[in-house]
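In: Build me a model:
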Amino acid sequence: MRNFSKSKLMALRQCPKRFWLEIHRPALRIESTAAEARFEAGHHVGEIARRLYDPMGEAVMVDVEGQGFAAAIQHTSDLLQAQQPVFEAGFAAGGALAFADVMLPSGEQPLEWRMVEVKSSTRVKPYHCDDVAVQAYVARTAGVRLSGVAVACIDSSWTYPGGGDYRGLLHENDLTQEALAREEEVKCWIDRAQTVSALDQAPEMAVGPHCDDPFECGFYGHCNQHESQATYPIHWLPRRGARLKQALDARQITDMRDVPDDLLNPVQQRVKHHTLTDTVYFDSTGAAEDLAAHPLPAQFLDFETIQFAVPIWAGTRPYQQIPFQYSLHTLMENGEVLHGDFLTLDGEDPSRRLAMALVADCGDRAWPIFAYNAGFEKSRLRELALRFPEHAAPLLAIVDRVVDLLPIARERYYHPSQKGSWSIKAVLPAAVPALRYSDLAGVQDGGMAMDAYLEAIHPVTSLERVEIIRRQLLAYCQLDTYAMVRLWQVFNGHA
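Out: Got it, this is the predicted structure:
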């Protein structure tokens, strides 16, 4: 009997084809940037958790990479005879293999242990329950007496006080009863894993919603290339709610041409019609009327932000979106376009300096300030006002001036090339073909901007590299706001 790792069993729970590929064709897996960022966040949270659960420095960490599986499991068995906490304790039993993040001794004899799994999420999710069920089963089958099982998640309401004090970052959720009651389920998963792993070929499994639940599958590209591709896929229909998804699944509809109009709202019908007829929808009169309520001069604002699972700056929360950069274009009545921006890459908290610069650049004028999906910018401004009360009044005054350009675009314009999206990166090349994010060097989207910022503030990054990143970030953010200027001009008939 093979011993399957917990991660392999979780892959089986998501999709038997993914499980088979993980075992027999792992080289086909391509992890997304988001997945890599999630792994990195998990590693960082794990490091902090070890400090929190071992404040006296008494714990021993099992080094599976250095020792190998067999030696790590034996080392764990030896360590569990004593009272110290153990990190990454390894167990192999019952056809499965698992490593527990934290094992805490009870302090009594016979010795019992409390198992804690540390997650970088802010709440317990269904797959966490599967996770600890496997962990508990393998440990108990290996002879470990468990007094409790918990999942430690991040408390997103906690504010980092600074100075490396992360007490309060994690909060535990007791899942003892849930974990211990599912041994028979876990045995069934292991039995199924033995069966599926022995197959000569991967089980047949069409791509579908499970490919992203609970995580995007690294084998999606491999599987999807073998699927028959719809000419006009239904995922181009925007905002498909549960009812529409259920109706399309029930009828096995994959192409927009086969979707009955009576299932669609007016915006979805518009997307379908103009996609199938390859025509552009542009209500120029309506767009100009929408904008007439916000006359020139006008400004155009965009933030770039960074977030940390484990905050690094005092006064910030886990996963808080912290602006580190803005671009601000100003369109005057005579058509003149001015530009200002802010960016610092010194690694210190940029929040206060950014807030002060923005207040100075926006001034106390009554000019409208356009943003794209403005709820994001408004939320960041309100958070800055809460953090820095001395600047709250002018920051909140800026909030009152913000106008969202996205609803105007969504209601008044659609080009088939948008494929159901009104992101500015989809609308801009459709409405203004001369401008494309793909022409930028280095940074071309928000995720890349975050990665670039993290690289720039890392202490080992050379000054030359930091300067390259600075130019790329400035160019990217500037295009975001200039794109809004150009869309404003198109919608107003001034293109």
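In: Follow the chain on from the helix or strand hosting residue 40 and name the next helix or strand.
Out: Element membership for residue 40 (DSSP states H and E) is helix 33-53. Scanning forward in sequence from helix 33-53 by DSSP H and E, the next helix or strand is strand 60-61.
In: avg pLDDT for that next one?
Out: When pLDDT is averaged over strand 60-61, the result is 95.
In: repeat for stretch 451-461
Out: On average, the pLDDT along stretch 451-461 is 95.
In: ok, residues contacting it?
Out: By Cβ atoms under 8 Å, 6 or more residues apart in numbering, the residues outside stretch 451-461 that reach it are 33, 37, 304, 306, 324-325, 345-347, 442-443, 465-466, 469-470, 472-473. Placement of C-beta: from N, CA and C, glycine included.
In: filter the residues you listed to the buried ones?
Out: The neighbour-count test (16 or more other Cβ atoms under 10 Å) applied to those identifies 37, 304, 306, 324-325, 345, 443, 466, 469-470, 472-473 as buried.
In: Could you dump those into JSON lines with pLDDT added?
Out: Below are those laid out as JSON lines (pLDDT from 0 to 100):
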{"residue": "37", "pLDDT": "83"}
{"residue": "304", "pLDDT": "98"}
{"residue": "306", "pLDDT": "97"}
{"residue": "324", "pLDDT": "98"}
{"residue": "325", "pLDDT": "98"}
{"residue": "345", "pLDDT": "97"}
{"residue": "443", "pLDDT": "94"}
{"residue": "466", "pLDDT": "97"}
{"residue": "469", "pLDDT": "97"}
{"residue": "470", "pLDDT": "97"}
{"residue": "472", "pLDDT": "97"}
{"residue": "473", "pLDDT": "97"}
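In: show me what contacts the residue sitting furthest away from the middle of the chain?
Out: The centre of the chain is farthest from one residue, residue 109, which by Cα atoms, centre = their mean lies 44.4 Å away. By Cβ under 8 Å, 6+ apart, the contact set of residue 109 is empty.
In: now residue 276
Out: Residues near residue 276 by Cβ under 8 Å, 6+ apart: 232, 256-257.
In: average pLDDT across stretch 217-230?
Out: 85.
In: Just the CA coordinates for it, please, in CSV.
Out: C-alpha atoms of stretch 217-230 as CSV (Å, rounded to 0.1, in the frame of the first residue of the first chain):
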residue,chain,number,x,y,z
CYS,A,217,-5.7,23.8,-10.6
GLY,A,218,-2.2,23.9,-12.1
PHE,A,219,-3.3,21.3,-14.6
TYR,A,220,-6.1,23.5,-16.0
GLY,A,221,-4.1,24.5,-19.1
HIS,A,222,-3.3,20.9,-19.9
CYS,A,223,-6.9,19.7,-19.4
ASN,A,224,-8.5,22.6,-21.2
GLN,A,225,-6.5,22.1,-24.4
HIS,A,226,-8.1,18.8,-24.9
GLU,A,227,-11.6,20.2,-24.5
SER,A,228,-13.8,21.2,-27.4
GLN,A,229,-13.7,25.0,-27.4
ALA,A,230,-16.9,27.0,-27.8
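In: Run through who's touching that stretch.
Out: Stretch 217-230 is contacted from outside by 14-15, 17-18, 21, 25, 28-32, 35, 205-207, 211, 254-256, using Cβ under 8 Å, 6+ apart.
In: just stretch 261-270 next, same as before
Out: Identification of contacts with stretch 261-270 by Cβ under 8 Å, 6+ apart yields 237-240, 244, 247-248, 272, 281, 410, 414.
In: And that stretch, how far out from the chain middle?
Out: Counting by Cα atoms, centre = their mean, to the nearest Å, stretch 261-270 is centred 30 Å from the centre of its parent chain.
In: Straight-line length of it, end to end?
Out: 10 Å (Cα to Cα, to the nearest Å).
In: same thing with stretch 401-420?
Out: Using Cα to Cα, the end-to-end distance of stretch 401-420 comes to 29 Å.
In: please begin residue numbering at 36 from this point
Out: Sounds good: first residue 36 from here, last item stretch 436-455.
In: Okay, buried residues for it please.
Out: Neighbour counts over stretch 436-455 (16+ other Cβ under 10 Å) mark 436-441, 443-451, 453, 455 as buried.
In: Quick one: mean pLDDT for it?
Out: Mean per-residue pLDDT for stretch 436-455: 97.
In: centre of the chain versus it, how much separation?
Out: Taking Cα atoms, centre = their mean, one finds stretch 436-455 lying 24 Å from the centre of the chain it belongs to.
In: Likewise for stretch 247-264?
Out: Between the centre of stretch 247-264 and the centre of its chain there are 18 Å (Cα atoms, centre = their mean).
In: And stretch 332-347, by the same measure?
Out: Centroid separation for stretch 332-347 versus its chain: 15 Å, with Cα atoms, centre = their mean.
In: what sits against residue 521?
Out: Listed by Cβ under 8 Å, 6+ apart, the contact partners of residue 521 are 463, 466-467, 470, 530.
In: ok, now residue 205?
Out: 80, 83-84, 87, 153, 187-190.
In: who's it bridged to?
Out: According to DSSP bridges, the partner residues bridging residue 205 are residue 189.
In: Which pLDDT value goes with it?
Out: With respect to pLDDT, residue 205 scores 98.
In: and what of residue 369?
Out: Residue 369 is given a pLDDT of 94.
In: For the chain, which segments count as strands?
Out: Ranges of strands within the chain are 39-40, 95-96, 121-128, 131-140, 148-153, 181-189, 205-209, 316-317, 333-341, 357-366, 372-378, 404-406, 437-439, 448-449, based on DSSP state E.
In: is it possible to export the ones you listed to TSV including distance to residue 174?
Out: Shown next, in TSV, are the strands of the chain (distance: least, Cβ to Cβ, whole Å):
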stretch	distance to residue 174
strand 39-40	14
strand 95-96	17
strand 121-128	5
strand 131-140	7
strand 148-153	6
strand 181-189	6
strand 205-209	16
strand 316-317	60
strand 333-341	38
strand 357-366	39
strand 372-378	49
strand 404-406	51
strand 437-439	52
strand 448-449	56
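In: Of all the ones you listed, which one comes closest to residue 102?
Out: The minimum distance between residue 102 and the strands of the chain falls on strand 121-128, with 9.0 Å, by Cβ to Cβ.
In: That closest one - contacts with which helices or strands?
Out: Applying 3 or more Cβ pairs under 8 Å, 6 or more residues apart in numbering; DSSP states H and E, one finds that strand 121-128 contacts strand 95-96, helix 104-114, strand 131-140, helix 161-176.
In: what packs against the last one?
Out: Of the remaining helices and strands, those touching helix 161-176 by 3+ Cβ pairs under 8 Å, 6+ apart are helix 41-49, strand 121-128, strand 131-140, strand 148-153, strand 181-189, helix 211-215, helix 218-232.
In: Looking at the contacts of residue 205, spot the one nearest residue 392.
Out: Set against residue 392, the nearest of those by Cβ to Cβ is residue 189 (30.7 Å).
In: okay but that closest one is in contact with residue 353, surely?
Out: Yes: shown here, residue 189 and residue 353 form a contact pair, counting by Cβ atoms under 8 Å, at 4.8 Å.
In: Give me the common contacts of those two.
Out: Common contact partners of residue 189 and residue 353 (Cβ under 8 Å, 6+ apart): 157, 204, 344.
In: what's the burial count for the second one?
Out: This points to residue 204. Residue 204 has 23 neighbours, counted by other Cβ atoms under 10 Å.
In: Please list all residues in contact with it.
Out: Residue 204 touches 83, 87, 189-190, 193, 195, 345, 353, counting by Cβ under 8 Å, 6+ apart.
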